[in-house]
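Q: Below: sequence and its predicted model.
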Amino acid sequence: MTHDLKTNVLYYGDNLDILQKYIPDNCVDLIYLDPPFNSRRDYNILFKENGGIESEAQIKAFGDSWHWTQSAQDTYQKIVTTSPIKTSKLISALHDSIGQNDVMAYLVMMTIRLSELRRVLKPTGSLYLHCDPTASHYLKIILDQIFGPTNFKNEIVWKRSHPKGLAYTRFASTHDIIFAYSKDNSKAKWNMLYTPHTEESIKNQYTLRDGDGRLYQLTSLLNPNPDRPNLTYEFKGIVRVWRWTKSRMLSEDAKGKIVVPKGGNGIPRYKRFLDEQEGIPIGDFWADIEMASGSERLGYDTQKPIALLERIISSSSEKGDIVLDPFCGCGTAIIASQKLGRKWIGIDLTHLAINLMRNRLRDSFPKLKFEVIGEPQDLAGARELAHNPDRYQFQWWALGKIGARPMGEKKKGADQGIDGIISFIDNTENKAKRVVVQVKSGHVGVSVIRELQTVAYKEAIGVLITLESPTTQMIKEAVSAGYYHSPIYDKNYPKIQIITVEELFQGQTVEMPPQTQTSITFTKAPKINNDEAEQGNMIYQHKPTKNDKLHIKDASSQLPLYKVEGIS
């Protein structure tokens, strides 16, 4: 394992391999993961055509079907023989109870990864695992064994949607579960978050006014825990278990904030002024964050709203901390981390997700410098990728090199010979035209060019990306196709173009009219301005101390967010 941790980096590969190879012990401040499970379908990317119309092409990014294969069996064997005894016994018991099926395969694969994630987490760090209720009960007991039940922080319920009218046999499913654990609860970073008081809560709770017109309410001074001898004393002639120490009670009384009922009888109460309150503490039921929509929505099936990740990141990390997402997907956790001034590491198993993430980062933060590790860096690496059992990985990587959008596996009609497209505007009618792309990793001949000419007949330009060098006949056939003439730029571009993978590494790309509207190939992520990114999109009123209350308003969404800094 290397000891030089890189940040602001995307890794392509199996997150277990990446964690073991690149991520040292005790180096990450916060981990968020949303591992796929049990949607009963493949996760797809739904791209948008120009004008916002959904494309017919669905790109199979990955399947969430976990199966009991030799790999699962080997992982199970490793867990029961090398893991701590409690984890080993738990997984063995689950195996005996559940059997060798898809659920067990998922739990085995998650267990070994969660163990690695705990290893890389700092003592002050926290982990948030996002799942649905079909797997949450299994994951909870696994997390208890790996992190320890005393380091359990919260089971957060996120109400992701409103009930639909399709629940004919049961109540509608409207929520996800997010488990929060720390590596050590006594050391974990924690920033209390608040939402502002609503008009209704103010009307119902703050019903009293003092002589200056300030709103307040009277609250209890009694301690809910009766077994606190250190807080049991006489105050105002009454012996009770009080909420505060006697010195603090006397201090607050001197400020005129403790009220004794008229006549001097009864339990004293505390005068809590509205203008001195931080807001309403955020609890573990989150119904105020909607699914990603509008310009935020990129067409990724499992995309989470950025406000959700901002809340998690703001509560359990500080500016400059390192956030890790080992199931990166379309990268909302990465975007939120960058926006809030954190460093980040993203990992994903598909080149399609890496390409989407690369585009999203470039759209959101045009000046941001980041690195992608695990992609082919030379011809030998490309040949190795071409032999990947999943043939689409090479295809997605090659298409990403020229900014083309994959077409998917099921293509209709004239698109059957197309692997990818680049859309652009080149007419006064504002209608999209297309560059159609084929990717070949094996033997090629002149028939490939003839096939490309056929599928590109009604298109602007056809491009062949080939791992092997083209033959002389292929080059002649491509040249004979003539040119596409741009009416706006009054320039000719070769109708059929051949680009070798070796030329891709040299920087060659498609000869075509400038893409003045870059959002029509991929759904364009909203740009986040530099000040917003550098400052974490938060307005700091002053430098906090450990016991200082600091209000921070989150300007990134419609949700006001308040935070008390410095509490560990």
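A: Right, received. Where do you want to start?

Q: name the element Tyr493 belongs to?
A: strand 491-494 (DSSP states H and E).

Q: so what secondary structure elements neighbour whichever helix or strand comes after that strand?
A: With elements assigned by DSSP H and E, the helix or strand that comes after strand 491-494 is strand 496-500. Here strand 496-500 touches helix 446-455, strand 461-466, helix 472-479, going by 3 or more CB pairs under 8 Å, 6 or more residues apart in numbering; DSSP states H and E. Every C-beta, even on glycine, is put in place using the N, C-alpha and C of the backbone.

Q: Which residue ranges of the stretch 201-350 of the chain form strands?
A: Applying DSSP state E, counting those that start in this stretch to the stretch 201-350 of the chain gives strands spanning 208-209, 215-220, 232-235, 238-241, 258-259, 269-273, 280-281, 285-286, 322-325, 343-348.

Q: and the helices and strands packed on strand 496-500 as a markdown table, adding distance to Arg342?
A: Shown next, in a markdown table, are the helices and strands packed on strand 496-500 (distance: least, CB to CB, whole Å):
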| stretch | distance to Arg342 |
| --- | --- |
| helix 446-455 | 45 |
| strand 461-466 | 36 |
| helix 472-479 | 48 |
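
Q: Could you list the low-pLDDT ranges of the stretch 51-200 of the chain?
A: 51-65, 165-167 (pLDDT under 70).

Q: Check the stretch 351-500 of the chain too.
A: Applying pLDDT under 70 to the stretch 351-500 of the chain picks out residues 408-415.

Q: Isn't Arg160 up against Ala287?
A: No: between Arg160 and Ala287 there is no contact, the gap being 9.5 Å when judged by CB atoms under 8 Å.

Q: Between those two, which is the more surrounded one?
A: The neighbour comparison of Arg160 against Ala287 (other CB atoms under 10 Å) goes to Arg160, with 18 against 12.

Q: give me every residue that touches the more buried one.
A: Neighbour list for Arg160: 174-176, 291 [criterion: CB atoms under 8 Å, 6 or more residues apart in numbering].

Q: remind me, longest helix of the protein?
A: helix 102-120 (DSSP state H).

Q: tell me what that one is packed against?
A: Using 3+ CB pairs under 8 Å, 6+ apart, the elements in contact with helix 102-120 are helix 15-22, strand 28-33, helix 70-82, helix 85-98, strand 121-131, helix 133-147.

Q: most tightly surrounded among these?
A: strand 28-33 (a mean of 25; mean count of other CB atoms under 10 Å).

Q: Number of residues surrounding the nearest residue to Thr7 once chain neighbours are set aside?
A: The spatial neighbour of Thr7 that comes closest, neighbours along the chain excluded (CB to CB, 6 or more residues apart in numbering), is Lys343 at 3.8 Å. A total of 20 residues lie near Lys343 under the criterion other CB under 10 Å.

Q: Could I get the full set of helices for the stretch 151-300 of the chain?
A: Secondary structure of the stretch 151-300 of the chain (DSSP state H, counting those that start in this stretch): helices at 199-205, 246-254.

Q: now the angle from the longest one to strand 269-273?
A: Taking axes from the mean of the first three to the mean of the last three CA atoms, to 10 degrees, helix 246-254 and strand 269-273 form an angle of 60 degrees between their directions.

Q: what comes up buried for helix 246-254?
A: Residues of helix 246-254 classed as buried by neighbour count (16 or more other CB atoms under 10 Å): 249, 252-253.

Q: closest to Met192 among those residues?
A: Glu252 (20.9 Å; CB to CB).

Q: Wait, the closest one touches Tyr270, no?
A: Yes: applying CB under 8 Å, one finds Glu252 in contact with Tyr270, separated by 7.0 Å.

Q: anything in contact with each of those two?
A: Ile258.

Q: follow-up on the earlier one: using JSON lines, lay out the buried residues of helix 246-254 together with pLDDT and distance to Cys27.
A: Output for the buried residues of helix 246-254, formatted as JSON lines (pLDDT from 0 to 100; distance: CB to CB, whole Å):
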{"residue": "Met249", "pLDDT": "95", "distance to Cys27": "45"}
{"residue": "Glu252", "pLDDT": "94", "distance to Cys27": "44"}
{"residue": "Asp253", "pLDDT": "94", "distance to Cys27": "49"}
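
Q: could you dump those residues to TSV with distance to Pro406?
A: Listed next are the buried residues of helix 246-254 as TSV, based on distance: CB to CB, whole Å:
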residue	distance to Pro406
Met249	67
Glu252	65
Asp253	70
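
Q: What is the nearest of these to Ala481?
A: Ala481 lies nearest to Glu252 out of the buried residues of helix 246-254, by CB to CB, at 85.6 Å.

Q: mind checking how far that closest one is from Asn225?
A: 20 Å (CB to CB, to the nearest Å).

Q: Centre of the chain to the longest helix of the chain, how far?
A: 19 Å (CA atoms, centre = their mean, to the nearest Å).

Q: these two touch, right, Leu356 and Cys330?
A: Yes: using CB under 8 Å, Leu356 is in contact with Cys330, at 5.5 Å.

Q: okay, those two: which has more neighbours?
A: Leu356 (29 against 24).

Q: The helix or strand containing that one relative to strand 343-348, how many degrees between them?
A: Leu356 belongs to helix 351-364 when assigned by DSSP H and E. Orientation check (the same axes, to 10 degrees): helix 351-364 against strand 343-348 gives 150 degrees.

Q: Please save the CA atoms from helix 351-364 in PDB.
A: What follows is helix 351-364, C-alpha atoms only, in PDB (Å, rounded to 0.1, in the frame of the first residue of the first chain):
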ATOM      1  CA  HIS A 351     -15.800   4.100 -16.800                       C
ATOM      2  CA  LEU A 352     -19.300   5.400 -17.600                       C
ATOM      3  CA  ALA A 353     -19.700   6.800 -14.100                       C
ATOM      4  CA  ILE A 354     -16.100   8.200 -14.100                       C
ATOM      5  CA  ASN A 355     -16.900  10.000 -17.400                       C
ATOM      6  CA  LEU A 356     -20.100  11.400 -16.000                       C
ATOM      7  CA  MET A 357     -18.300  12.500 -12.900                       C
ATOM      8  CA  ARG A 358     -15.600  14.100 -14.900                       C
ATOM      9  CA  ASN A 359     -18.100  16.100 -16.900                       C
ATOM     10  CA  ARG A 360     -20.100  17.100 -13.800                       C
ATOM     11  CA  LEU A 361     -16.900  18.400 -12.000                       C
ATOM     12  CA  ARG A 362     -15.900  20.300 -15.100                       C
ATOM     13  CA  ASP A 363     -19.300  21.900 -15.500                       C
ATOM     14  CA  SER A 364     -19.700  22.700 -11.800                       C
END
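
Q: what's Tyr216 in contact with, if anything?
A: For Tyr216, the contact set (CB under 8 Å, 6+ apart) comprises 206, 208-210, 271-274.

Q: now those as CSV including pLDDT?
A: Output for the contacts of Tyr216, formatted as CSV (pLDDT from 0 to 100):
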residue, pLDDT
Tyr206, 92
Leu208, 93
Arg209, 93
Asp210, 91
Lys271, 94
Arg272, 92
Phe273, 93
Leu274, 91
